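Enquirer: My questions concern the predicted model and sequence given below.
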Amino acid sequence: MQTMDVRRLILFAIFFSSAFFLWNAWQQEFAPPPPPVAQKAPAAPGQSSVPTRDVPAPSSGAAPTPAATAGAGGIPVPTGAPVPAGGQKITIKTDLYTAEVDTLGGVISLVSFAKHQDATDPTKPYKALQRTTDRTFVAQAGLIGEGMPNHRTAYVAEPGSRELAPGAERIELRLTATAASGDKVVQVLTFHRGSYLIDAAFDITNARKEPIAPFAYFQLERDAKQAVVQSSMAPAAYVGPVLYNEKDKYQKLEYAEIDKQATENQLLVALKRDFSKVQHVKPPASRSDSPELYLLAAGFRGS
């Protein structure tokens with residue numbers, strides 16, 4: 001009798017597991033997509049007075065980052081809003097890849113590898129960056145400062161070569177914009193031979209009487225879709241960002257962890273705004289190996 005009960009238990013476990021996998025597969029195949037997020041029309045060409053929720057700003061509690069390095073004031077969480085109508089698409093070809101740069105914001109909207117194939121279709125190149133109706137993964141850059149251009153400003157591409165010449169070590173794409181104050185800004189993208197590295201820099205000509213101190217930011221905008229089809233019955237290769245240092249080498253960094261960190265940073269900023277003292281604490285009841293995080297806020301400033 002005991003053996004029969006065990007067999008029934010095993011059969012029930014197999015049945016419910018199969019039902020769960022079938023339901024999960026149906027959800028991925030037929031579940032309706034989330035409704036698009038409404039967004040205001042983009043600003044007129046050449047203007048930088050656009051909604052700033054996806055343009056980072058230096059934290060009020062820390063010193064701003066110089067323009068020569070990436071802005072560290074907190075990379076914004078992608079809003080998922082529809083991309084506005086683009087500008088002119090500039091195609092750059094090197095020995096390793098083909099890149100496409102949108103003059104609207106100087107956004108790198110495509111990087112297509114010449115020596116690596118798509119995971120699902122070997123006749124097509126692998127795309128490290130792309131912006132289509134189905135996928136969004138692009139690189140953006142801009143300046144933080146009054147009237148400074150950002151990744152939604154219309155630039156004009158200067159004349160020049162668009163393909164890495166034989167024997168040449170690099171090729172530059174120069175995009176020019178004029179700020180409302182009259183400042184001339186040139187975004188310079190440099191593509192190198194034998195490297196996937198793309199350098200981004202800004203040349204600024206100050207047209208004002210007083211000095212200016214803009215800061216650069218660099219960010220990635222992406223959707224939340226899996227890069228490859230994930231099967232619940234078999235393991236899949238890791239696709240996503242990694243962190244590297246000499247001690248720990250490569251470490252996987254899931255997108256969910258990035259979004260979680262961004263949410264925690266937003267909470268921390270809000271608490272510091274409303275309370276005079278905010279600190280991390282770990283109560284005695286929390287295990288030493290627990291990943292739980294606690295914030296203690298004291299000294300409410302009032303509304």
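Expert: Received it, and whenever you're ready, just let me know what you need.

Enquirer: Give me the contacts around the longest strand along the chain.
Expert: Looking across the chain with DSSP state E, the single longest strand is strand 107-117. Taking contacts as CB atoms under 8 Å, 6 or more residues apart in numbering, the residues outside strand 107-117 that touch it are 86, 89, 95-102, 123-131, 138-140, 151, 189, 196, 198. All C-beta atoms are positioned from the backbone trio N, CA, C, and that covers glycine.

Enquirer: among those, which are in strands?
Expert: Checked against DSSP E, the contacts of strand 107-117 include these in strands: 89, 97-102, 125-131, 138-140, 189, 198.

Enquirer: Give me the buried entries from those residues.
Expert: Among the ones in strands among the contacts of strand 107-117, the ones that count as buried by 16 or more other CB atoms under 10 Å are 97-102, 125-129, 131, 138-140, 189, 198.

Enquirer: follow-up on the earlier one: using PDB, write out every CA atom in the longest strand of the chain.
Expert: Extracted in PDB, the C-alpha atoms of strand 107-117 (Å, rounded to 0.1, in the frame of the first residue of the first chain):
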ATOM      1  CA  VAL A 107      22.900  57.400 -31.000                       C
ATOM      2  CA  ILE A 108      24.700  54.200 -32.100                       C
ATOM      3  CA  SER A 109      21.700  52.200 -33.200                       C
ATOM      4  CA  LEU A 110      23.400  49.300 -34.900                       C
ATOM      5  CA  VAL A 111      26.700  47.300 -34.500                       C
ATOM      6  CA  SER A 112      26.700  44.300 -36.800                       C
ATOM      7  CA  PHE A 113      29.700  41.900 -36.500                       C
ATOM      8  CA  ALA A 114      31.400  40.800 -39.700                       C
ATOM      9  CA  LYS A 115      33.000  37.600 -38.300                       C
ATOM     10  CA  HIS A 116      30.200  36.400 -36.000                       C
ATOM     11  CA  GLN A 117      26.900  34.900 -36.900                       C
END
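
Enquirer: Which residue ranges make up the domains of the chain?
Expert: Taking automatic domain parsing as the domain assignment, the ranges for the chain are 43-239, 250-303.

Enquirer: Deepest in the core, which of those is it.
Expert: Of those, the one with the most neighbours on average (mean count of other CB atoms under 10 Å) is domain 43-239, at a mean of 16.

Enquirer: Bridge partners for residue 244, pull those for me.
Expert: Counting by DSSP bridges, residue 244 is bridged to residue 250.

Enquirer: What are the boundaries of the helices in the protein?
Expert: 2-30, 255-274 (DSSP state H).

Enquirer: Determine which of the ones you listed shows the lowest mean per-residue pLDDT.
Expert: Mean pLDDT is lowest for helix 2-30 among the helices of the chain, at a mean of 61.

Enquirer: how about low-confidence regions in this protein?
Expert: 1-85, 226-240, 255, 262, 283-287, 289-293, 303 (pLDDT under 70).

Enquirer: Now with 50, please.
Expert: The chain contains residues with pLDDT under 50 at 37-52, 60-83.

Enquirer: hey, what's the closest residue to residue 165 other than its chain neighbours bridged with?
Expert: Distances taken as CB to CB, 6 or more residues apart in numbering place residue 171 nearest to residue 165, at 7.6 Å, with adjacent residues excluded. Assessed by DSSP bridges, residue 171 has beta-bridge partners residue 191.

Enquirer: from memory residue 171 sits against residue 189, does it?
Expert: No: in this structure residue 171 lies outside contact range of residue 189 using CB atoms under 8 Å: 9.2 Å.

Enquirer: Quote the end-to-end distance of stretch 126-135.
Expert: Stretch 126-135 has an end-to-end distance of 13 Å (criterion: CA to CA, to the nearest Å).

Enquirer: swap in stretch 159-177?
Expert: End-to-end distance (CA to CA), stretch 159-177: 14 Å.

Enquirer: what's in contact with that stretch?
Expert: 46, 90-95, 101, 103, 106, 149, 153-158, 184-193.
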